[in-house]
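**Q** Just need the structure, nothing else, for what follows:
(4 chains)
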Protein chains: 4
Amino acid sequence: MVRVGIVGGTGYTGVELLRLLAAHPEAELVAITSRSEAGVPVAELFPNLRGHVDLAFTAPDPDALQDCDVVFFATPNGIAMEMVPELLSRGVRIIDLAADFRLRDPAVWEKWYGVPHACPDILAEAVYGLPEVNRVAIREARLVANPGCYPTAVQLGFLPLLEQGLVDESRLIADSKSGASGAGRKAVVGSLLAEAGESFKAYGVAGHRHQPEIRQGLERVVDKAIGLTFVPHLVPMSRGIHATLYSELTAADVDLQVLFEDRYRDEPFVDVMPAGAMPETRSVRGANVCRLAVHQPLGGRTVVVLSVIDNLVKGASGQAVQNMNIMFGLDETTGLGAIALIP
Amino acid sequence: MVRVGIVGGTGYTGVELLRLLAAHPEAELVAITSRSEAGVPVAELFPNLRGHVDLAFTAPDPDALQDCDVVFFATPNGIAMEMVPELLSRGVRIIDLAADFRLRDPAVWEKWYGVPHACPDILAEAVYGLPEVNRVAIREARLVANPGCYPTAVQLGFLPLLEQGLVDESRLIADSKSGASGAGRKAVVGSLLAEAGESFKAYGVAGHRHQPEIRQGLERVVDKAIGLTFVPHLVPMSRGIHATLYSELTAADVDLQVLFEDRYRDEPFVDVMPAGAMPETRSVRGANVCRLAVHQPLGGRTVVVLSVIDNLVKGASGQAVQNMNIMFGLDETTGLGAIALIP
Amino acid sequence: MVRVGIVGGTGYTGVELLRLLAAHPEAELVAITSRSEAGVPVAELFPNLRGHVDLAFTAPDPDALQDCDVVFFATPNGIAMEMVPELLSRGVRIIDLAADFRLRDPAVWEKWYGVPHACPDILAEAVYGLPEVNRVAIREARLVANPGCYPTAVQLGFLPLLEQGLVDESRLIADSKSGASGAGRKAVVGSLLAEAGESFKAYGVAGHRHQPEIRQGLERVVDKAIGLTFVPHLVPMSRGIHATLYSELTAADVDLQVLFEDRYRDEPFVDVMPAGAMPETRSVRGANVCRLAVHQPLGGRTVVVLSVIDNLVKGASGQAVQNMNIMFGLDETTGLGAIALIP
Amino acid sequence: MVRVGIVGGTGYTGVELLRLLAAHPEAELVAITSRSEAGVPVAELFPNLRGHVDLAFTAPDPDALQDCDVVFFATPNGIAMEMVPELLSRGVRIIDLAADFRLRDPAVWEKWYGVPHACPDILAEAVYGLPEVNRVAIREARLVANPGCYPTAVQLGFLPLLEQGLVDESRLIADSKSGASGAGRKAVVGSLLAEAGESFKAYGVAGHRHQPEIRQGLERVVDKAIGLTFVPHLVPMSRGIHATLYSELTAADVDLQVLFEDRYRDEPFVDVMPAGAMPETRSVRGANVCRLAVHQPLGGRTVVVLSVIDNLVKGASGQAVQNMNIMFGLDETTGLGAIALIP
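**A** Numbers count the residues shown, from 1 in each chain, chains lettered A, B, ... in the order given. The predicted structure follows:
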């Protein structure tokens, strides 16, 4: 059994971790912390966990967490980097669901997150936890930076094209759409049902923090600078990300369907749909799956990739558990077999 | 392994049965039939099942189904009663998710469903599949009539009060609300997102088929005629039923909280919430649970019971699997441990 | 032209007042105040008003408001009672959309709203602004207490029955459902799309502030104590209230359809639907209408009245404008002719 | 008064025409036809019209329509072209909300709509009813082809850039999103709330009928072939279109904000938002407005235009009324002043 701790369990990635770990046959939940809810039973805040999780929140405390084999950080950005060095020094492995260890360059981090990085020396050893790219490194990692939700959907869609150098990497467009849980469980007016319901809008057009993360990931693949326009939108639903990816073919006579199927044939959590298919976000709701479809509208040179994930599962907590499975030598699919809810 | 067949697998209760049975460790899916979709892989219609269910739909055929230990009917009302006698005679046990065997009196059936019953002789042996009432009879049943969605939520809420004779049984009110999947996967204008979204309405106020089903169930408990006003409403969401139940206390000095907790202490799928709680339908989304809370507003004599279920799980396919578990001597919770999705 | 001021224009009743008054041919918007948004153009906060409202928010100030003929308070409860005496003394008439002047008895107010009333002496002169009951008094009123949203829907539904003494007034049940805008434009977790979307729940079952308001209104009609159970619920939509009202007939041979049609024949904003109809909330979305239907399920003695309004229009700002029209001798329908949006 | 007829009034564009025309001070509704609903009062099908529209549907009949000054076709594609020649010959002017007269080349029409055009000789005289481009021609037109919903949003967004030759016209991308009412009031499974709710997907990626319409409109502006990738998506809401438009700047030192403001300064129904703004679809819900915002993410060469309309208003019936106003010499804004509903 892997002994697991969770720091910051009151948000959506926290409750989703709990849902997944409570059903995980090889994980034992040891501690879950929340400064604001210390003493409150977890199932009081999240009644879906009644009968499944008996723990109460405790105040965050390295001493209480040091008995864990792994600690997940489901905290707002900027918290993990303050606590991780201490926990690492005590031999605890870390999976951070926030952005603290995703960007390799501390200057880039500071630019996009507005504060200096608290432990730039550790950044270099953090492994970017996208198993479809980094599986081997994740296995040995002490510190895994779990990818952002948009970056997961966008990178998995572009990877086959860029790895084979088939498209113009200087003109990538990722028109991305997310349900409201992507904004977290924070009390802000813009996320109210009466504000975000029955409406659709773009946000962060001038620049969104997931843009540098995606760019870093894709540039590692092509080994040169890329051009990426990333526009996120808010969909009036709770869960789900749909990325519509545009790029321009530079090669001729490529069978894109075969390319995608070959690339992901052995990936347990990437599903390449049949030619002509158009995946719905609900087909992955609650499931640790990225479904992809690749199109060439009207037979032209523009490639359109459709990529859907559940932002809280393959886009966050499910991927985190997938990383844990890899790190601890478990079957990668352990505890992640749930089927999406339709309808 | 229980060998399972499903007749009529293209509706919402069908896909939900597939989702549950695909993950059930003691069930083997042998056949799934659909006249209209024969030959089509199940996962083509329901992409959430890709990688989990490899079967294709076949035409309904008693020969193909006779190797099953149990056959679920997830068909429109009136289909099962035509096929069940033949299957029973071949030794197949039946769980009917439609209404064909729920009402004991064929005259009542005909009045509410508009056609004579096709096999009134078999009605008497059908066991009403509400485990919290009929567990023992279900164990031996050849034919289980799986309860309707509203009747499950309403009966579980009223039972403790009526069993103890604590309320006036002549004046029961069940104000009930359901998500749109309750109307099934049928192409009708009234169920379109652009019709039923961002709106709320009552329907079937003059008389709804679930009223006599609920009445029959409750009358069996009190052993006399009851008075029940049942008003269903359509909620702009996909899944979930919330029943708000009103009755009037005739007894004094009753601790209703204790009453409910005692009644359901050993029930694996009924959760009595703490005093003062108000359950949300999402707390049971995808889970085979009925959550109840009991209130006396302003300390008066009116008892208000709040009862929530997922109409497709505890209100249909989950309860059907629960019945299968009972019928085949399995642990009643087998394959039914999934935790509801929040958010 | 009626010169109009609005205090507290940043909430949903505020923006709805602006929408209605901007199109009102006899009203001139003079000032709109908001402490937090002073200096900000109204249309920046509410882009639907671009090109229709040029005003900017100003700090609340009696001097600036004293040139108004009427001032609407669209503030949280407890604000109006601090400012109203001063404005009245300067000759400004008041329509308060909050609860400050709805309850006649200051002790009841304090019990439900948690603070002593700031001007109990003025309470007596406040006119409860339900035109279908109080039209004559509203005409001369200096101070109108605009009814709550639930109280409007519930009272209009029960009135014909109670006025004629046809039902048992000791056992009234008002099962009521509201969209999320009823909770206001406040940043609270429970109102997030990811919390309140795709879910349904009751709230305030132990006791809700609208219960005494409804009770007071109905008791004035029957002139004795009534028994009322009021349970509000949250519907996953933005706008709309649906009240399902239950009472028990004490009289025989009553034509309820005729009763309701007669009662509201001359009311411009109450629409009695044909026998058998079941109104949808969307049929009044954006419109100052209460639609009613009356039923006797299965021909029994229980009367079920269905009552729908848009909580922000007939349940708040539309009714406030209706009251203004009455107070200033305008045609009561002026500026209130908009047709509801379907779909 | 303009005497108005509507053919095919049972769909969403039909009821929206009725809503707008019922409030139009210069229009008189003379006849509304529906083969399937002949004899039924309009307000029975659409209760929002109770008290506003007294007409009943009649069977379509040229004799009954020939007294109209103008007839709107709110029919499925392919109906208008069968009836329009006869009506034109009787001196009735036509506004077709379907696609029958939008494409100039009958071969293109046949390719995309699957049947030969019934009156190719009339195609040439049809005026494409986008007032912001064709106002003068609309004034004299006998036959106006009202633009599609997506084409309205997309063309208004691209026009300023293409008219000035500022972007590469061979690489335009229109990532477009629509609410479910765009699919019409047709009973199809894919449009059910339980299918399209709480989910997001692309559709028509291989090729959508609005692509050639947009292309034709934009090519008329640049007078050469353009390259356009158009991907529509379905949003879980009823009303609203959001087009996210991508193109690449070929010119330097252009102030895009000024460009857009100048282009649309005198347009009553196009609103250029301030720099940095991101329009929500709800800001135009129910209103005849297109709101635009123009961005250059991270200061790069990619221009992102955000364009929102209500698909049923500026994208259909509102624009049709705008065209009627132009054709009959009325103030273009007559009857179109309604403010969008927020929330």
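
**Q** A:S170 sits in which helix or strand?
**A** Here A:S170, judged by DSSP states H and E, is contained in no helix and no strand.

**Q** Near the nearest residue to it once chain neighbours are set aside, how many residues? Count them for me, please.
**A** Distance criterion C-beta to C-beta, 6 or more residues apart in numbering or on different chains; nearest residue to A:S170, sequence neighbours excluded, is A:G227 at 4.1 Å. Every C-beta, even on glycine, is put in place using the N, C-alpha and C of the backbone. Look at A:G227: counted by other C-beta atoms under 10 Å in any protein chain shown, it has 16 neighbours.

**Q** Repeat that for the one 10 residues further on.
**A** Other residues near A:M237 come to 27 when the count uses other C-beta under 10 Å.

**Q** wait, what's in contact with it?
**A** A:G179, A:A180, A:T281, C:L193, C:G197, C:E198, D:G197, D:E198, D:S199, D:F200, D:P236 (C-beta atoms under 8 Å, 6 or more residues apart in numbering or on different chains).

**Q** what would those look like in CSV with secondary structure?
**A** Below are the contacts of A:M237 laid out as CSV (DSSP: H, G, I helix; E, B strand; the rest coil):
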residue, secondary structure
A:G179, coil
A:A180, helix
A:T281, helix
C:L193, helix
C:G197, coil
C:E198, coil
D:G197, coil
D:E198, coil
D:S199, coil
D:F200, coil
D:P236, coil
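
**Q** of the residues you listed, list those near chain B.
**A** Contacts with chain B are made by C:G197, C:E198, D:G197, D:E198, D:P236 out of the contacts of A:M237, judged by C-beta under 8 Å from any C-beta of the partner chain.

**Q** Out of those residues, who's the most crowded?
**A** When neighbours are counted by other C-beta under 10 Å, D:P236 leads the ones next to chain B among the contacts of A:M237 with 29 neighbours.

**Q** gap between that residue and B:L193?
**A** 7 Å (C-beta to C-beta, to the nearest Å).

**Q** okay, and the common contacts of the two?
**A** In contact with both D:P236 and B:L193: D:A180, D:A196, D:G197, using C-beta under 8 Å, 6+ apart.

**Q** Any chance of CSV for the residues you listed, columns pLDDT and distance to chain A?
**A** Below are the shared contacts of D:P236 and B:L193 laid out as CSV (pLDDT from 0 to 100; distance: C-beta to the nearest C-beta, whole Å):
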residue, pLDDT, distance to chain A
D:A180, 98, 11
D:A196, 97, 9
D:G197, 97, 8
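
**Q** Take the residues you listed and lay them out in TSV including distance to D:T58.
**A** What follows is the shared contacts of D:P236 and B:L193, written out as TSV (distance: C-beta to C-beta, whole Å):
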residue	distance to D:T58
D:A180	29
D:A196	33
D:G197	36
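
**Q** what's the following helix or strand after the helix or strand of chain A with the lowest mean pLDDT?
**A** Ranking every helix and strand in chain A by mean pLDDT, DSSP states H and E puts helix A:62-65 at the bottom, with a mean of 90. Moving toward the C-terminus from helix A:62-65, the first helix or strand encountered (DSSP H and E) is strand A:70-73.

**Q** In terms of secondary structure, what does that next one contact?
**A** Helices and strands touching strand A:70-73, by 3 or more C-beta pairs under 8 Å, 6 or more residues apart in numbering or on different chains; DSSP states H and E, are strand A:2-7, helix A:80-89, strand A:93-96, helix A:318-327.

**Q** What strands line up against that strand, and which way round?
**A** Neighbouring strands of strand A:70-73 in its sheet, by DSSP bridges, are strand A:2-7 (parallel), strand A:93-96 (parallel).

**Q** how distant is the least confident helix or strand of chain A from the center of its chain?
**A** With C-alpha atoms, centre = their mean, to the nearest Å as the basis, helix A:62-65 stands 26 Å off its chain's centre.

**Q** do stretch A:132-149 as well
**A** 11 Å.

**Q** Tell me the buried residues in it?
**A** For stretch A:132-149, burial by neighbour count (16 or more other C-beta atoms under 10 Å in any protein chain shown) applies to A:132-134, A:138, A:141-149.

**Q** What are the boundaries of the strands in chain A?
**A** A:2-7, A:27-33, A:70-73, A:93-96, A:127-128, A:143-145, A:172-178, A:201-202, A:228-234, A:241-248, A:270-272, A:290-295, A:302-309 (DSSP state E).

**Q** From A:L65, how far off is A:A59?
**A** 11 Å.

**Q** do A:L97 as well
**A** Applying C-beta to C-beta, the value for A:L97 to A:L65 is 16 Å.

**Q** now A:K201
**A** For A:K201, the distance to A:L65 equals 40 Å [C-beta to C-beta].

**Q** give me every residue that touches the closest residue in space to A:H210 that isn't next to it in sequence.
**A** Excluding the flanking residues, the one nearest A:H210 by C-beta to C-beta, 6+ apart is A:Y150, at 4.3 Å. Counting by C-beta under 8 Å, 6+ apart, A:Y150 touches A:A174, A:S176, A:S178, A:H208, A:H210, A:I214, A:F230, A:P232, A:I241, A:A243, A:G315.

**Q** dump the residue contacts of the residue of the stretch 101-250 of chain A found nearest chain B.
**A** As assessed by C-beta to the nearest C-beta, chain B sits closest to A:S238 within the stretch 101-250 of chain A, at 4.6 Å. For A:S238, the contacting residues are A:G179, A:A180, A:S181, B:P343, C:L193, C:A194, C:G197, C:E198, D:E198, by C-beta under 8 Å, 6+ apart.
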